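Trainee: kindly generate the corresponding structure for this input.
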Amino acid sequence: MSRRFIAAVLAVSTTIAALSAAPARAASEEDIAKLLAGAATIFIIGKAIQNSRDDDRRDKKKEEVRHYVPDHRPGHVSKQPVYTQQKPTPKVVPRDVKQRHKDMLPANCVRQIEGGRVGRVVMGRCLERNNISTRTLPKACRMTVETRRGEARAYALPCLRHRGYTLARY
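Mentor: Reported below is the predicted structural model:
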């Protein structure tokens, strides 16, 4: 639960407990003054807690790294060091063939099949030989086909195309 909610519940419960402890009687000016003083005290404590939290947030924002940058201009003499606020330098992400063509499948892995609803499939073993993980392919497209050497895992090409995969043309 949030701290504000807990503090509010605590303040209300203390006020109710203080009021209900005494027998029912008409409130005098002294009782009203005590009640107002208690409410003001709770309000002041709440504001002090809120201000300290705000200060903590400001301190976290100010925690920026400052680096000394010497001035190397010819003929320039710097008496005081120059500080700049630097953010981390952006890094260039190298081009990765796997990342660039992550949804591209090699065309040499496509085989035509007879029977069933699907006409062409992508063979799973061929994909693994081409360093394409079959774990990332959708399970809904997986099927078993019969080859000369027995049953093999394959993926239905129309199903893969429907999910954004394309064939590479190289």
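
Trainee: I'd say residue 104 and residue 167 touch.
Mentor: Yes - contact criterion CB atoms under 8 Å: residue 104 and residue 167 qualify, at 7.0 Å. From N, CA and C alone the C-beta is placed, and that goes for glycine too.

Trainee: would you point out the helix or strand in this protein whose mean pLDDT is lowest?
Mentor: helix 97-100 (a mean of 48; mean pLDDT, DSSP states H and E).

Trainee: what are the buried residues along whichever helix or strand comes after it?
Mentor: Sequence order places strand 104-106 as the next helix or strand after helix 97-100, per DSSP states H and E. The neighbour-count check on strand 104-106 (16 or more other CB atoms under 10 Å) flags 104, 105, 106 as buried.

Trainee: from residue 156, how far out is residue 140?
Mentor: 9 Å (CB to CB, to the nearest Å).

Trainee: out of the two, which sits in the busier spot?
Mentor: Ranked by neighbour count (other CB atoms under 10 Å), residue 140 and residue 156 place residue 156 first, with 22 against 12.

Trainee: now that one, nearest residue through space, not along the chain?
Mentor: residue 118 (4.5 Å; CB to CB, 6 or more residues apart in numbering).

Trainee: hang on, that neighbour packs against residue 158?
Mentor: Yes - the pair residue 118 / residue 158 is scored as a contact, 6.5 Å apart, by CB under 8 Å.

Trainee: got a pLDDT number for the residue nearest to residue 156?
Mentor: You'll see residue 118 listed with a pLDDT of 85.

Trainee: next one: residue 40
Mentor: 89.

Trainee: what do you get for the one 5 residues further on?
Mentor: In the predicted model, residue 45 carries a pLDDT score of 89.

Trainee: and what of residue 121?
Mentor: As predicted, residue 121 sits at a pLDDT of 91.

Trainee: pull up the pairing partners for whichever strand or helix holds it, direction included.
Mentor: Following DSSP H and E, one finds residue 121 within strand 120-123. Using DSSP bridges, strand 120-123 pairs in its sheet with strand 110-112 (antiparallel), strand 150-156 (antiparallel).
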